Each structure stands twice: as C-alpha cells, then as structure tokens.
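Asker: Predicted model and sequence follow; I will ask about them next.
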Amino acid sequence: MNSAELVSPVQSNLRVGLGRVLIVEDEDLIRETLALGLAEEGFEIVIAEDGLTALDLLGGTAHASRVNRPEINLVVLDLMLPGMNGLDLCRLLRHQGIDVPILILSAKGTETDRVVGLEIGADDYLTKPFGMRELVARCRALLRRRQSNLQATPDNVLTFEDIALHPQECRVFLRGEEVSLSPKEFRILELFMGQPRRVWSRDQIIDQVWGYDFMGDNKTVDVHIRWIREKLEADPSHPVYIKTVRGFGYRLG
Ligand code: CA
C-alpha cells in the first residue's frame with residue numbers, strides 16, 4: 001500500500017507561483033509521462049498509484065500522518081483506478097472539506113462524466129488523449145486562480161441583509177445560523193456579496209469561479225445557483241436574495 005513516492009528532479013529550479021502536484025494514476029507509463037512533463041515545467045511532483053494512497057497523502061484518512069505529509073497544491077486525478085475510483089475520491093475529499101484544486105483526467109469523454117466530475121467538486125476536466133502543453137496550461141491556471149483567490153480574500157466579513165459571509169473561514173451564516181455550502185457555491189456567493197446588485201452573466205460567473213479555461217456548459221451555473229437558493233431562500237422558486245435577471249444572468253438583491 002506504500003505506492004506513494006516523492007520525485008522532485010527540478011526542486012531547486014522551482015519558479016515562483018508553481019506548486020506541488022499530486023498525480024493519481026495507476027498506469028505506470030501515463031503516470032511517469034505526466035510526472036516527467038510536469039516536473040520539466042517546474043512543478044514538484046508527488047505520485048500515488050491508487051485512490052487510498054492519494055486520500056492518505058491529502059490528509060483524508062484517519063491515520064494520515066500530519067507530520068510527514070507534503071503540502072499538495074493541486075491534484076491531477078485519473079478516473080479509472082483500482083479500488084476507490086477517481087470520482088469517489090473526489091467526492092470524499094470534498095465531503096471532508098479538503099478543497100485542494102482537482103483536475104480530472106479521463107479516457108471517457110462523455111458529457112455525463114464531465115458534468116458529474118465538475119458537480120462533485122472537481123475544478124477542471126481533461127479527456128485522454130491530451131497534449132502535455134494543455135495539461136501544463138491548465139495546471140498553471142488552477143494554481144494561479146487559487147493563489148489570487150487567497151490573496152484577494154479580505155479579512156472582513158461580507159454582509160448582505162440577513163447573510164454574513166466570512167471569507168477566510170469559508171463560512172456563511174443566515175440569521176446567525178450556519179449554512180453549509182460547497183466550495184463552488186461559496187465562491188459564487190462570495191462573488192455576489194462582494195458587489196451586491198451587480199448583474200453577473202453566466203460567463204462572468206464561470207470566469208470568476210471556475211476560470212477562463214473552463215470548457216463546460218454554462219448551465220452548470222444555473223445548477224449551482226439553484227443549490228444556493230435551496231440553502232438560503234425560504235421559497236427557492238421566489239428568491240429574495242439571488243435574483244434571475246432575464247436575458248442577463250443573476251444578481252444579489
Ligand atoms: Ca487508470
């Protein structure tokens with residue numbers, strides 16, 4: 001079960017802004033190709049051959065040691081794995097509140113797989129076969145986005161009517177009661193609360209929350225808005241907080 005190992009051939013050559021990537025892939029050739037390609041670009045690489053090892057490395061198992069665990073900044077996750085598959089791992093990580101950016105790799109290319117992957121909390125999705133340059137670009141984009149989100153997060157609590165959002169604690173309260181939001185739901189609400197009454201188009205929301213390189217359908221936004229409404233609104237079909245602006249998008253208030 002000890003299939004995790006550390007390889008960092010260009011550790012001394014790390015460029016600013018690059019981080020440590022966990023590659024979860026059971027096929028040796030693909031795993032080594034990915035590790036080499038990303039390491040050449042300056043990423044530090046950690047590898048896992050199965051889901052449980054990855055879960056352990058990310059601190060998601062009860063016996064995960066906090067002492068020797070390297071900080072992981074991004075996960076490149078294959079879907080077809082022995083034992084726990086990639087979707088189950090992704091779901092489990094999010095369920096445990098581990099919000100490391102996840103890029104899913106899959107040989108399957110159907111819309112359903114992609115949508116399921118994104119809805120259970122993956123940040124991006126790439127279908128095999130893909131070019132190394134595209135993978136590198138997407139890894140960079142995910143890390144950059146995470147970095148700018150962290151830097152832009154103000155210390156102060158955002159409030160709108162009965163809602164209070166604590167950016168650094170990633171917590172939301174409605175009339176003093178905590179509301180449990182997924183990471184994406186949280187980021188959408190944070191975006192809205194930063195500029196109440198501003199109208200956001202679906203594309204703008206995708207740019208801000210998923211990133212400019214999100215290749216999916218903007219109906220994903222509608223799905224997330226519906227989930228937020230179900231959690232915040234007394235009557236989700238007659239929302240008083242997040243309102244639909246027909247022909248444009250959504251706004252808060
Ligand atoms: Ca595989």
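Answerer: Perfect, I can see it now.
Asker: Remind me which helix or strand Ala164 belongs to.
Answerer: If you go by DSSP states H and E, Ala164 is part of strand 163-166.
Asker: From the contact counts, what lies against whichever helix or strand comes after that strand?
Answerer: Downstream of strand 163-166, the first helix or strand assigned by DSSP H and E is strand 171-174. Applying 3 or more CB pairs under 8 Å, 6 or more residues apart in numbering; DSSP states H and E, one finds that strand 171-174 contacts strand 163-166, strand 177-179. All C-beta atoms are positioned from the backbone trio N, CA, C, and that covers glycine.
Asker: so Gly19 makes contact with Ile45?
Answerer: No. With contacts counted by CB atoms under 8 Å, Gly19 stays clear of Ile45, the gap being 10.6 Å.
Asker: circling back to that earlier point, now the strand holding Ala164, how far from the centre of its chain.
Answerer: Here strand 163-166 is found 21 Å from its chain centre; the criterion is CA atoms, centre = their mean, to the nearest Å.
Asker: repeat for stretch 101-110
Answerer: 13 Å.
Asker: Next: stretch 176-193.
Answerer: 14 Å.
Asker: Can you give me the buried ones in the top helix by length along the chain?
Answerer: Across the chain, the helix with the greatest residue count (assigned by DSSP state H) is helix 132-152. Neighbour counts using 16 or more other CB atoms under 10 Å place 135-136, 138-143, 145-146 of helix 132-152 among the buried residues.
Asker: Can you name the residues of this structure that neighbour the ion?
Answerer: With CB under 5 Å from the ion as the criterion, the chain meets the ion at residues 26-27, 78, 80.
Asker: Show me those that map onto strands.
Answerer: Asp78 (DSSP state E).
Asker: Take the residues of the chain next to the ion and write them to JSON lines, including neighbour count and pLDDT.
Answerer: As requested, the residues of the chain next to the ion are exported to JSON lines (neighbours: other CB atoms under 10 Å; pLDDT from 0 to 100):
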{"residue": "Asp26", "neighbour count": "16", "pLDDT": "96"}
{"residue": "Glu27", "neighbour count": "13", "pLDDT": "94"}
{"residue": "Asp78", "neighbour count": "24", "pLDDT": "93"}
{"residue": "Met80", "neighbour count": "15", "pLDDT": "89"}
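Asker: coming back round to it: settle it for me: which of Gly19 and Ile45 has more neighbours?
Answerer: Ranked by neighbour count (other CB atoms under 10 Å), Gly19 and Ile45 place Ile45 first, with 23 against 19.
Asker: Quick one: residues in contact with the strand holding Ala164.
Answerer: Here strand 163-166 makes contact (CB atoms under 8 Å, 6 or more residues apart in numbering) with 157-159, 171-174, 186, 189-190, 193, 232, 241.
Asker: Taking those, please make a PyMOL selection of just the buried ones.
Answerer: Provided next is the PyMOL selection string for whichever of the contacts of strand 163-166 are buried by 16+ other CB under 10 Å:
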select buried, resi 158+172+174+186+189+190+193+232+241
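Asker: Tell me the one of the contacts of strand 163-166 nearest the ion?
Answerer: Phe186 (30.8 Å; CB to the ion).
Asker: so that closest one touches Val172, yeah?
Answerer: Yes. Phe186 is within contact range of Val172, at 6.7 Å (criterion: CB under 8 Å).
Asker: got a list of what Arg229 touches?
Answerer: Per CB under 8 Å, 6+ apart, neighbours of Arg229: 236, 239, 241-242.
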